[in-house]
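In: let's see this in three dimensions:
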Amino acid sequence: MGRSALRNKVRVRSVGRRSTRLPGFSTEIWREIALFLPRRDLKTLLSIPHVLSRIASQLLFSQIDLHFTSDRQHSQRSADILTRIITDASFAFHVKTLRIFVPGRDIFPMTFQTGILANALPKLTNLRNIHCSMRWKDISSFLRIIESVHHRLYGLSIVPTDGTGELRFPKFKHISQFTYSADGGSPDRVYALLHQNKASLRSIHLHNQTWSYPSEHIAVRNLTHLDFFGAFGQESQGISEILRSGIQLESLRLWCSLECQASTQFRENLKGLPFLRHFAFILHNQCTNDPDLFPAISEFLRDRTHLHCLQLTVPSAEWAQRRLGYDATVWGVLPSLSGLKSLHATLPKDVAAAVATWLIPRSVKTLSLHSLAAGDPVNFVTQLRAGLPPGLRFIGLSSFRVEDVASVIRNGFPMVCLARVDDRYYSVRRNNNHPSSKTNNNNNNSGVEIEEWPQDRIRYHSTDWLEWYGCEHAEWRDPTQFF
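Out: Numbering: from 1, shown residues only. All right, here's what the predicted structure looks like:
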């Protein structure tokens, strides 16, 4: 039974005064079923007088998010949660993941919050994963608290919001999932932590565009997920090593600047990564000159029917795309990816809009297009519409000037339930009572309405809402989400 089918089975519906009767499953079976539900469904179950309410509460609060901001509501909620952790041992026992967010723009002392955290962390006896996003000096204080508590952590995510400094990491030896994202600074201590946990690491998310790929500190053969944003130097064989040794890799994202001849490394490892399900290759510099790069990547991807998510993004300038070999032949490989669910790609300059969408596999549910043609956006998306996959649920448009989002959605993508234009999200719904829909038998674009998401939803809850709409593949997995 699929995930969506399980959701429909478990949702409790009421019709008038009559409600459906839940089957008499054991607590263990209800828990297994609840594990398939998105967080928004779990929140609904909290109000049901049933064992499901207790199960939903345990699952929801296994991950705690604390937001220390200048916003009074968020800060008060975080303080209440910490108080509950300190005073309720049963509640604290179920917390496995703690995520702390302090926006870089909010400048205020963290002494009080650090003190509460120092009292709360020893109570979290089952804590396994920690994410920390705050100023690097506050991160240093927080890491000292973690070291004093002696938790056996398996997941660690560090994101300094104000650049980076010299962080001293505790001597963790069992980290299986590690995230570090910063600008500049020395990589020595981060690489030392990677080397220290070389045998246990299974997932690495390393983002620092000034750092080179740390081949000697990573055992690629052990990894299932690798997300690297940085540089591959002129003599680097890092890509070849990843493709050759990553026999367990399911997810690979390389967001990089290239000085090496990467096309040769792809050509030499066309059969590499046999279990690959998610692949992204993003170039953020325009100086790379390797005309065989994307033809080689295309051959590497050809006939991978088990690939679910694909992202290919290059600079939008036509001369830059020619230097990379990014043209119609790259999109020509798409029909061979019959299991693809999500595609995020730059539209090649030499592919007509009306033709491009017919090359997209019919299995695709979420589509994001980057650097679209200039001119009338409504006319352009109208050309795209005929070849779109019939089950499309999400459309994303970036680097595309759109002044009237509603018209673009109505004329190009009326079938989707969610849309993203640059950093703004929109819910899309069809109003069958709209006057124009009664005179339009096709109901192609009549009565389509959009609603922009509030910023708080985008900032704090976008992952939950995407999952709720069945568009969880629309965005690359958030590195603050632990397995």
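In: please state the offset of stretch 219-238 from the chain centre?
Out: Distance of stretch 219-238 from its chain centroid, counting by CA atoms, centre = their mean, to the nearest Å, is 19 Å.
In: straight-line length of it, end to end?
Out: Separation of the first and last residues of stretch 219-238 by CA to CA, to the nearest Å is 12 Å.
In: now do stretch 171-186
Out: End-to-end for stretch 171-186, by CA to CA: 18 Å.
In: cool, and stretch 42-61?
Out: End-to-end distance for stretch 42-61, by CA to CA: 11 Å.
In: and if you look at stretch 341-355?
Out: By CA to CA, one end of stretch 341-355 lies 20 Å from the other end.
In: all further residue positions should be reported with the first residue as 3.
Out: All set: I'll call the first residue 3, so the last point we hit is now stretch 343-357.
In: show me what the biggest strand by length in the chain is packed up against.
Out: For the chain, the strand reaching the highest residue count under DSSP state E is reported as strand 205-214. Packing partners of strand 205-214 (3 or more CB pairs under 8 Å, 6 or more residues apart in numbering; DSSP states H and E): strand 179-183, helix 190-198, strand 227-234. All C-beta atoms are positioned from the backbone trio N, CA, C, and that covers glycine.
In: switch the cut-off to 7 Å
Out: Secondary-structure packing of strand 205-214 (3 or more CB pairs under 7 Å, 6 or more residues apart in numbering; DSSP states H and E): strand 179-183, strand 227-234.
In: just these: most buried one?
Out: strand 179-183 (a mean of 23; mean count of other CB atoms under 10 Å).
In: for that strand, what is the distance to the chain centroid?
Out: On the basis of CA atoms, centre = their mean, strand 179-183 sits 14 Å off its chain's mean C-alpha point.
In: can you check stretch 69-81 too?
Out: With CA atoms, centre = their mean, you get 25 Å for stretch 69-81.
In: which residue packs closest to Glu261, ignoring adjacent ones?
Out: Gln236 (4.4 Å; CB to CB, 6 or more residues apart in numbering).
In: how near is that neighbour to Ser135?
Out: 34 Å (CB to CB, to the nearest Å).
In: those two: which is more packed in?
Out: The residue with more neighbours, out of Gln236 and Ser135, is Ser135; 19 against 9, by other CB atoms under 10 Å.
In: buried residues, the longest strand of the chain. List them.
Out: Buried residues in strand 205-214, defined by neighbour count with 16 or more other CB atoms under 10 Å: Ser205, Ile206, His207, Leu208, His209, Asn210, Trp213, Ser214.
In: and stretch 155-162, by the same measure?
Out: Leu155, Tyr156, Gly157, Leu158, Ser159, Ile160, Val161, Pro162.
In: redo the helices and strands packed on strand 205-214 as CSV? Include distance to Val407 and mean pLDDT.
Out: Shown next, in CSV, are the helices and strands packed on strand 205-214 (distance: least, CB to CB, whole Å; pLDDT from 0 to 100):
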stretch, distance to Val407, mean pLDDT
strand 179-183, 30, 96
strand 227-234, 29, 96
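In: surely Gly398 forms part of a helix?
Out: No: counting by DSSP: H, G, I helix; E, B strand; the rest coil, Gly398 falls outside a helix, being strand.
In: quick check: it touching Arg422?
Out: Yes: under the criterion of CB atoms under 7 Å, Gly398 makes contact with Arg422 at 4.2 Å.
In: what's the longest helix seen in the chain packed up against?
Out: Longest helix in the chain, counting residues (DSSP state H): helix 74-89. Judged by 3+ CB pairs under 7 Å, 6+ apart, the packing partners of helix 74-89 are strand 65-69, helix 91-95, helix 113-122.
In: chain center to the longest one: distance?
Out: Read it as helix 113-122. For helix 113-122, the distance to the chain centre is 30 Å (CA atoms, centre = their mean).
In: okay, angle between it and strand 65-69 too, please.
Out: Here helix 113-122 runs at an angle of 160 degrees relative to strand 65-69 (axes from the mean of the first three to the mean of the last three CA atoms, to 10 degrees).
In: next, the buried residues of helix 113-122.
Out: Within helix 113-122, the residues scored as buried using 16+ other CB under 10 Å are Gln115, Thr116, Ile118, Leu119, Ala122.
In: and stretch 291-310, by the same measure?
Out: Neighbour counts over stretch 291-310 (16+ other CB under 10 Å) mark 292, 294-303, 306, 309-310 as buried.
In: what's the lowest-pLDDT member of the residues you listed?
Out: The lowest pLDDT within those belongs to Asp292, with 92.
In: in three-state terms, label that residue for me.
Out: coil.
In: same check, this time on Phe283
Out: Per three-state DSSP, the secondary structure class of Phe283 is strand.
In: got the contact list for it?
Out: Contacts of Phe283 were listed using CB atoms under 7 Å, 6 or more residues apart in numbering, and they are Leu256, Ile299, Leu314.
In: mind saving the C-alpha coords of stretch 128-135 as PDB?
Out: Coordinates of each C-alpha in stretch 128-135 appear next as PDB, following Å, rounded to 0.1, in the frame of the first residue of the first chain:
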ATOM      1  CA  ASN A 128      17.300  10.000  24.200                       C
ATOM      2  CA  LEU A 129      18.700  12.800  22.100                       C
ATOM      3  CA  ARG A 130      20.400  11.700  18.900                       C
ATOM      4  CA  ASN A 131      20.500  14.600  16.500                       C
ATOM      5  CA  ILE A 132      21.200  18.300  16.900                       C
ATOM      6  CA  HIS A 133      21.000  21.200  14.500                       C
ATOM      7  CA  CYS A 134      22.400  24.600  15.500                       C
ATOM      8  CA  SER A 135      22.000  27.800  13.300                       C
END
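In: what lies in contact with it?
Out: By CB under 7 Å, 6+ apart, the surrounding residues in contact with stretch 128-135 are 95-104, 141, 144, 148, 153, 155-161, 163, 482, 484.
In: in that stretch, what counts as buried?
Out: Residues of stretch 128-135 classed as buried: Leu129, Arg130, Asn131, Ile132, His133, Cys134, Ser135 (neighbour count, 16+ other CB under 10 Å).
In: before we move on, the earlier item: and the helices and strands packed on strand 205-214 as CSV, adding distance to Asp329?
Out: Shown next, in CSV, are those (distance: least, CB to CB, whole Å):
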stretch, distance to Asp329
strand 179-183, 32
strand 227-234, 23
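In: so which of these gets nearest Gln457?
Out: Among these, strand 179-183 comes nearest to Gln457, with 21.3 Å by CB to CB.
In: in its sheet, what does that closest one sit against?
Out: Using DSSP bridges, the strands paired with strand 179-183 are strand 157-162 (parallel), strand 205-214 (parallel).
In: list the contacts of that strand.
Out: 156-161, 192, 196, 199, 203-209, 481, 484-485.
In: that one to strand 227-234, inter-axis angle?
Out: Angle of strand 179-183 versus strand 227-234, following the same axes, to 10 degrees, is 40 degrees.
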